[in-house]
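J.: Dropping a prediction and its sequence here:
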4 protein chains.
Amino acid sequence: MHHHQSPEMKTCIDNCLACYRECLSTAMNHCLEMGGKHTEPQHFRLMMACAEICRTSAHFMLIGSEHHKHVCRECAEICSQCADDCERIGDMQSCVDACRRCAESCQKMAA
Amino acid sequence: MHHHQSPEMKTCIDNCLACYRECLSTAMNHCLEMGGKHTEPQHFRLMMACAEICRTSAHFMLIGSEHHKHVCRECAEICSQCADDCERIGDMQSCVDACRRCAESCQKMAA
Amino acid sequence: MHHHQSPEMKTCIDNCLACYRECLSTAMNHCLEMGGKHTEPQHFRLMMACAEICRTSAHFMLIGSEHHKHVCRECAEICSQCADDCERIGDMQSCVDACRRCAESCQKMAA
Amino acid sequence: MHHHQSPEMKTCIDNCLACYRECLSTAMNHCLEMGGKHTEPQHFRLMMACAEICRTSAHFMLIGSEHHKHVCRECAEICSQCADDCERIGDMQSCVDACRRCAESCQKMAA
């Protein structure tokens, strides 16, 4: 079974699920335990928004919807902002990396 | 508690969750049982994509993310296509109505 | 279209989506802005777990899966704990009410 | 950052997301295109229920909720049924394998 997914799409699904995992886990464990800047509403919401859009982008690619392009475009935008904000706060390099990787491959799917 | 949601946003969340509910339930019950045109891949995928984007739009408004505007814009687009396709196949008027109502209020949120 | 949902199940879906909405919105807005006890990891995680299981319970009933019974049982358990914890912290009565209502109707579906 | 996840939990999250991916993609592409037994309501619903509970199990482990044990127990049960049903219909060995692997690691987390 090939599921009609190109190698680029498979990689993008990998990156979306990896970023979902990293953002959700970091927010709900590291950020909650650190507090302070880490639970500042705007930052915390951005991490949770990032986790959610990554989950949704992967879902759209998995169900084979043509609309994945628009969802991936929004995903790239949010991941990019999330990477910047995690970098600003510091102490979350693996999250920054996952966001940048996901933004890059979603950008390609959106093109 | 007001959760920072305007009356328009509350209505939009209502409409998104109602449309999620109607599309998912119709696809997984009515369409699967009818078969034929109802399980034609392009139609069935569109209904499931519509259910998913409605769920995600509501989620973005509930978490208070500014990015809800872009998700709502995509939601309006998918709901509108889903309404047309359910109308074409027929026999799914309550789904058509839920999709049109959701598209209209998501359009307002996206503006 | 009847979607095979009994009146009791329709009410339970209503209550699950209402509780999802209330818990998610309260956690991501009220709790994040209040901080202190409201973002204490154990409390915040419980609210987010409650939002997620309510979303999933509704989903299982909407797709017509027999397994909704077991998901509803777990949902009742988590909602009940979440209600108690919101009551302990105070200031979240609408969340307490939504959790108790959802727990009660999920308990019936699980029976 | 360690996210408080043991190696066993990390493996279980891997297996849940792999199974979510396989079941959702197979149902929405292979099954919809094959039709016949593949879109028989009971089978198709089971695959979609399996995808959803795997997504939810991973989510509970990622947010660090103690309730993941109960969700994992239900996940193991549904995955096991889904594996049997995919085996009965045939032609979906990669789905059978993903379900069995997920069932096994969820069983361990539930213990």
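T.: Thanks, I have the structure now. What you see is a predicted model; the values in this text were computed from it and never measured.
J.: moving C-terminal of the strand or helix carrying A:Cys16, what's the next helix or strand?
T.: With elements delineated by DSSP states H and E, A:Cys16 resides in helix A:7-25, which encompasses its position. Read in the C-terminal direction, the helix or strand following helix A:7-25 is helix A:32-34, with elements assigned using DSSP H and E.
J.: is that following helix anywhere near chain B?
T.: No: if you take CB under 8 Å from any CB of the partner chain as the test, helix A:32-34 misses chain B, and the best it gets is 15.1 Å. No exception for glycine: its C-beta is placed from N, CA and C like everyone else's.
J.: got a list of contacts for the helix holding A:Cys16?
T.: With CB atoms under 8 Å, 6 or more residues apart in numbering or on different chains as the test, helix A:7-25 has contacts from A:5, A:47-48, A:50-51, A:54-55, A:57-58, A:61-62, A:72, A:75, A:79, A:82, A:94-95, A:98-99, A:101-102, A:104-106, A:108-109, D:3, D:5, D:13, D:17, D:21, D:58-59, D:62-64.
J.: buried sites along that helix?
T.: For helix A:7-25, a neighbour-count test (16 or more other CB atoms under 10 Å in any protein chain shown) marks A:9, A:12-25 as buried.
J.: Out of these, flag the one nearest to chain C.
T.: A:Leu24 (9.5 Å; CB to the nearest CB).
J.: ok, so what distance separates the closest one from D:Ile63?
T.: Spatial separation of A:Leu24 from D:Ile63 under the definition CB to CB, to the nearest Å is 7 Å.
J.: Return the residues of chain A in contact with chain D.
T.: Counting by CB under 8 Å from any CB, the residues of chain A near chain D are A:1, A:3-5, A:13, A:17, A:21, A:24-26, A:28-30, A:55, A:58-59, A:62-64, A:92, A:94.
J.: if we go to 6 Å?
T.: Chain A comes close to chain D at residues A:1, A:3-4, A:17, A:24-25, A:28-30, A:62-64, as judged by CB under 6 Å from any CB of the partner chain.
J.: pLDDT for these - can I get that in CSV?
T.: Rendered in CSV, the data for the residues of chain A next to chain D read as follows (pLDDT from 0 to 100):
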residue, pLDDT
A:Met1, 45
A:His3, 55
A:His4, 71
A:Leu17, 98
A:Leu24, 98
A:Ser25, 98
A:Met28, 98
A:Asn29, 98
A:His30, 98
A:Leu62, 98
A:Ile63, 98
A:Gly64, 97
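J.: Can you tell me which of the residues you listed are buried?
T.: Neighbour counting with 16+ other CB under 10 Å marks A:3, A:17, A:24-25, A:28-30, A:62-64 as buried within the residues of chain A next to chain D.
J.: Show me which of those is closest to chain C.
T.: Of those, the one sitting nearest to chain C (CB to the nearest CB) turns out to be A:Met28, at 6.2 Å.
J.: Quick check: closest non-adjacent residue to that closest one.
T.: With sequence-adjacent residues excluded and distances taken as CB to CB, 6 or more residues apart in numbering or on different chains, A:Met28 is closest to D:Ile63, at 4.2 Å.
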